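> please work out how this folds:
(chains A, B and C)
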Amino acid sequence: MHTEVELAGTDGTTRDDGGVFDGLTEAQARAVRHTEGPLLVLAGPGSGKTRVITRRVAHLVRCGIPPWQILALTFTNKAAAEMRQRVLGLLGEGAAARGLTVTTFHALCARLLRRWADVAGLPGLKPDFAIFDSADQAALMKKTIEGLNLSTGNWPPRSVLARIGEAKNDLQDAEAFAARQHDFAGRTVAKIYRAYQNALRAAGGADFDDLLVLTAKMLRENAAVRRACRERWQYLLIDEYQDTNRAQFVIASLLAGDGRDGRPPNICAVGDPDQSIYGWRGADISNILDFEKAFPGAEVIALGENFRSTRTIIDAADAMIRRNTRRRHKTLFTGNPRGERIDAVSCRDEHHEARVVLEWLRARRAEGLAWKDMAVFYRTNALSRVVEDELRDAGVPYVVARGTAYFQREEIKNAVAYLRVVANPADDVSLDRVVNTPARGIGDATLEKLRTVAADRGAPLFDVLRDLASGGAASLGVALTARAQNAVTKFVRTIDNWRDAAKPGAFMGADTPGDYETGALAELVERVVRESGLEAMYRAGRTETDEERLANLAELVTSAREFEETFDPGADPVLTDPRAAAAGERRTPPDVLTMLHAYLERVTLVADADSVDPAQGAVTLMTLHAAKGLEFGAVAMVGLEERILPHARVAEMPDELEEERRLCFVGITRAMKRLLMTDARYRSFRGVAERQIASRFLAELPPDLVRHTDQSGEEFGAGVGALERPDPTGASARAVGKPARARAGGRALAEGALVRHPQFGVGRVESVTTGQGARARIRFRDVGVKTLVLEYARLEMIDEG
DNA sequence: CACTCATTCCTTTTT
DNA sequence: GGAATGAGTG
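Numbering: from 1, shown residues only, chains lettered A, B, ... in the order given. A predicted model of the protein is given here:
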């Protein structure tokens, strides 16, 4: 990266020793200068937070602190990468920063656990544990609930997981949780909690929450581990401190110490209580509100001056956020010009809203702003689709910030599941996914028998498969066809072959002394993609999506290669001795299995926000949550309606209103120059148009700062959206889109007709049903056959056929 | 055992 | 509007 350019361009600084203080305000400089003892930096939006953090790290190093004694923690990989990049820019890429640890909470915990799990007395957790993401968690939870003969209808896996997650964030293990439950529902959840943890450990897994909880437990209960960590990291810096939960607070406190050993807690927490938006995930805003209670004698520095936005935007944001009660007073102000008023437009429905947003963005473009300097924010992901359609139809380039999307794709999940089984054959969840994908004759009936054996033995399923492969069905006491047995044997061989290839000291099956060769991991990934049959499976399909899938699999190999190339054992907090790393000493190179673990860790811990890349020349679409920490010249916020922002949940949980207001505050303060906020009078949820009320937050903005136009009564362009335009009265909205006969674009639809779908493109109708919920089966030229509900599918008639 | 078709449910936000 | 699940057929 061009760190030098960036450095000179944004700061005007040089590499001179005094450079770290150049261009800083008095308050910023104080925060940089403070090195010993607890420090809390209350950094308002656009107050130069990142700059302060990076300068502070550079200053510490300049003061003679060895870089490997510094630990900087963030919440996202992107934030970590950015911070590292900027620090390196200040210090130079060379040895000056070697050993500096900049990472996320979750990644740090994963590493610490791998390093010490077996010595720290964490029952059942093996160092090669797999990290279970939310999809894995849900799958395992479903199995667990069914295993207890409970119904997933009464005990929805997602809500049970949410409850257990809350308990975990509060550091209650299954026993502690059980002790607090007195009613039937609570006791049942406690039972599920215990069973879930057992299943998780049996599968050699740890979920996201476990990473934090177990690390907190380990640091608390194991003095040796605690000492080792404290010895290594003497200076602790935590970004977005307002988002820390109880477990993270405990980890931070234990790493910082309480000063009783004669060393002051050198913890620097940076954050803004007004931007705390992860309360639902267990983040505890009291951590930052009561920082001085936890760390007596802490210095507190408020950065209230905003360098990002116009005065209008800052004044509006400040007026709104002042209504919150749970906050630390901090006046927002800016020396920037007043700028334009905020645009607020009331629209007729979501399609009209999308059109309004499009035209507004075009106007900004006409004023000379680049697409990449514009963004659209929304409260829920579901709101993005209509905007996407509009931008796509208009030919406006856009990207949706969905970093996890790539790894959620079926083909990638499959390939990753194979890799996870290679890394850890006990991972039953991943094994379930791949054992018969692609179909290889190991069907449900066969698996059911083998699962029973595994359950009886209390062993992972793969062990049973392996025994079957070597000893035959009779040895397990089950009856299986020879065909099934052969299929299993072949599968086990395949997996074991890969494992052998990845074993320490082995290189693609052959023993290779000496260094780890870059490319070995990518080669393993490539082999898995090919030999698993996944490649052949997607190659067999000839549709465009199959081609896309093949391309994605190829991309996975590339990503593994890139990972290898950028992997730096010296930067790893626990793999190598930091002093040795700092001295540039060569260490034992990692084996392929170690690399595989590290790679899977990386793959599992990606977040949506990680994928935001403003370098592309496109409008960025994202949730308000993902927007935190970013800035754009022009921002459009859609869906400013009651039950959306603030979210409907507030009706039941009034306490959450303040967090919704903070979310709105975060959105507003991302805008540098121009801001548009829209609401729609009618909006469709699950296909039903509902009457909407403008958000109370709009009314909280000082009227003189806003230019409001009400277009909700106006007519707008007919055409594509005509079918589902709701009736203005709302009462008969459903009737409008439900003609007795199947129609598209107002014309009768019959077999053989040629139609266009806004997303799927051109297709021919194969069959059609009439009446309530009329559907048409359409063969699309590009995406294959789809069955669409005519009421919702915005079909355009090309030829009646 | 694999594939196709129909029904159900869905909706916060994410490491 | 669509994904995920479940029933039924070849």
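> residue numbers of the stretch 251-400 of chain A in contact with DNA strand B?
Within the stretch 251-400 of chain A, the positions near DNA strand B by Cβ under 7 Å from any atom of the strand are A:W280, A:R281, A:R379, A:T380, A:N381, A:A382. In this view, the C-beta of every residue, glycine as well, is placed from N, C-alpha and C.
> hmm, A:L624 and the fourth one touching each other?
No: contact criterion Cβ atoms under 8 Å: A:T380 and A:L624 do not qualify, at 9.3 Å.
> higher neighbour count, the two?
A count of neighbours by other Cβ atoms under 10 Å puts A:L624 above the other of A:T380 and A:L624, at 23 against 13.
> who touches the helix of greatest length in chain A?
Ordering each helix of chain A by length in residues (DSSP state H) puts helix A:544-566 first. By Cβ atoms under 8 Å, 6 or more residues apart in numbering, the residues outside helix A:544-566 that reach it are A:406, A:409-412, A:415-416, A:518-522, A:524-526, A:529, A:534-535, A:538-540, A:595, A:598-599, A:602, A:782-784.
> again, only using 6 Å
A:E411, A:I412, A:A415, A:T518, A:L521, A:A522, A:V525, A:E526, A:V529, A:Y538, A:Y599, A:D782 (Cβ atoms under 6 Å, 6 or more residues apart in numbering).
> check which residues of that helix are buried.
A:D546, A:R549, A:L550, A:N552, A:L553, A:L556, A:V557, A:S559, A:A560, A:R561, A:F563, A:E564 (16 or more other Cβ atoms under 10 Å).
> just these now: which is nearest DNA strand B?
The shortest approach to DNA strand B among those belongs to A:D546, at 13.0 Å (Cβ to the nearest atom of the strand).
> what residues does the stretch 151-300 of chain A put near DNA strand C?
So the stretch 151-300 of chain A never meets DNA strand C (Cβ under 7 Å from any atom of the strand).
> and the strands in the stretch 151-300 of chain A, which stretches?
A:205-207, A:235-238, A:267-271, A:299-303 (DSSP state E, counting those that start in this stretch).
> pull out the buried residues from the last one.
What it means is strand A:299-303. A:I301, A:A302, A:L303.
> now the residues you listed as a markdown table including distance to DNA strand C and pLDDT?
Formatted as a markdown table, the buried residues of strand A:299-303 follow (distance: Cβ to the nearest atom of the strand, whole Å; pLDDT from 0 to 100):
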| residue | distance to DNA strand C | pLDDT |
| --- | --- | --- |
| A:I301 | 46 | 94 |
| A:A302 | 45 | 93 |
| A:L303 | 43 | 93 |
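> who's in contact with the residue lying closest to A:L236 once chain neighbours are set aside?
Leaving aside its chain neighbours, A:L236 sits nearest to A:I267 (4.6 Å; criterion: Cβ to Cβ, 6 or more residues apart in numbering). For A:I267, the contacting residues are A:P38, A:L236, A:A256, by Cβ under 6 Å, 6+ apart.
> cool, and A:A43?
A:K49, A:V270, A:D272, A:L303.
> show me the longest strand that occurs in chain A.
strand A:671-680 (DSSP state E).
> list the buried ones in the helix or strand that comes right after that one?
Using DSSP states H and E, the helix or strand that directly follows strand A:671-680 along the chain is strand A:682-685. When burial is assessed from 16+ other Cβ under 10 Å, strand A:682-685 yields the following buried residues: A:Y682, A:R683, A:S684.
> if I look at the last one, how far off is DNA strand B?
The span separating A:S684 from DNA strand B equals 10 Å under the rule Cβ to the nearest atom of the strand, to the nearest Å.
> confidence score at that residue?
We have a pLDDT of 84 for A:S684.
> beta partners for it?
Beta-bridge partners for A:S684, by DSSP bridges, are A:A689.
> any idea how far it lies from DNA strand C?
8 Å.
> now swap in A:K142 and tell me
In terms of Cβ to the nearest atom of the strand, A:K142 sits 7 Å off from DNA strand C.
> picking that back up, out of the residues of the stretch 251-400 of chain A next to DNA strand B, which end up buried?
Here, 16+ other Cβ under 10 Å leaves A:R379 buried among those.
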